[in-house]
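Participant: Would you be able to build a 3D model of this:
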Amino acid sequence: HAIANDGLNLVYQPKIEMGTARMVQVEALARWHHPELGFISPEEFILLAEQTGQIGNLTRFILPRIARDLAELHRGGLMIGAAINLSALDLSNPQLPEDIRRAFADQGIDYQWLTFEVTESAIMTDTESAQSTLEQLRVMGVSLSVDDFGTGYSSLSQLRQLPVQELKIDKSFVLRLNQEPQDQLIVRSTIDMAHGLGLTVVAEGIENLDSWRLLQGWGCDKGQGFYM
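Facilitator: Residues are numbered from 1 along each chain as shown. Below you'll find the predicted structure:
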């Protein structure tokens, strides 16, 4: 009902280039304010959409809205990209590349401005199908990112087989980065290894200046979080 009646809206979290402190991209995040139940957590309704087979409809609902918003930003002179989350079921949908083409071609958005984020668990659910879809998307010219890295079962050697360009360190390792030496070791090692594989690195969950400075000193490429 929410999809059919435009009951969902989008918010955009900045992705900051750490070397320059410039906003270079935003991540699109769906939000649902139910008229009777109030705010419903994305963790709850995204899972519900996946379990009920509605995730494809949700993705098709969101894509043209992101395209419209991004075109408006570009017309206003703010030339930034957009990052969009995909679920495991999206990756198994053979229509996904065409859905993306239709949404963004209508607004004249070049695919170079788009990054699609997929979680480790989504890739590992059906590796063969995921790799096929990701390769099709990469041929289109979009960028691909592995989200929530460190919480799943993949390894950097497995990621090497995928056509991805970016790795996002999960916020659970970053939220207390300024206080937890073990997290510092994990994050710094991950940044070094990812760079060794030619991947750019995004840290999500940056909540304070000390964590920002640590990540900047380690050469982390981009950051997200409430601090910014």
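Participant: And the helices in the chain?
Facilitator: With DSSP state H as the criterion, the chain has helices at 42-51, 55-75, 88-91, 96-105, 120-125, 127-140, 156-159, 181-196, 209-217.
Participant: I would like the residues contacting the first one, please.
Facilitator: Right, helix 42-51. For helix 42-51, contacts defined as Cβ atoms under 8 Å, 6 or more residues apart in numbering pick out Leu29, Ala30, Arg31, Trp32, Gln54, Ile55, Asn57, Leu58, Ser87, Ala88, Leu89. (Glycine included, C-beta is placed from N, CA and C.)
Participant: How about the contacts made by the nearest residue to Val174 once chain neighbours are set aside?
Facilitator: Closest residue in space to Val174, ignoring its immediate chain neighbours: Gly205 at 4.0 Å, by Cβ to Cβ, 6 or more residues apart in numbering. Counting by Cβ under 8 Å, 6+ apart, Gly205 touches Asp170, Lys171, Ser172, Phe173, Val174, Leu175, Gln224, Gly225.
Participant: Considering these, which possesses the most neighbours?
Facilitator: Most neighbours among those, by other Cβ atoms under 10 Å: Val174, with 26 neighbours.
Participant: Could you report the distance from that residue to Leu185?
Facilitator: As judged by Cβ to Cβ, to the nearest Å, Val174 and Leu185 stand 13 Å apart.
Participant: do Asp170 as well
Facilitator: Taking Cβ to Cβ, one finds Asp170 at 15 Å from Leu185.
Participant: just Thr119 next, same as before
Facilitator: Thr119 is 23 Å from Leu185, where distance means Cβ to Cβ.
Participant: picking that back up, can you redo the contacts of Gly205 as a markdown table with distance to Leu96?
Facilitator: Output for these, formatted as a markdown table (distance: Cβ to Cβ, whole Å):
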| residue | distance to Leu96 |
| --- | --- |
| Asp170 | 24 |
| Lys171 | 26 |
| Ser172 | 28 |
| Phe173 | 30 |
| Val174 | 30 |
| Leu175 | 32 |
| Gln224 | 24 |
| Gly225 | 29 |
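Participant: out of the residues you listed, who's nearest Glu98?
Facilitator: Ranked by distance to Glu98 (Cβ to Cβ), the contacts of Gly205 are led by Gln224 at 29.5 Å.
Participant: Burial check on the closest residue to the closest one other than its chain neighbours, number of neighbours?
Facilitator: Leaving out its chain neighbours, the residue that sits closest to Gln224 by Cβ to Cβ, 6+ apart is Glu204, at 4.5 Å. Around Glu204 there are 22 other residues, counting by other Cβ under 10 Å.
Participant: For beta bridges, what are the partners of the residue most central in space within the chain?
Facilitator: By Cα atoms, centre = their mean, the chain has its centre lying nearest to Glu117, at 3.5 Å. For Glu117, the beta-bridge partners are Asn85, Ser145 (DSSP bridges).
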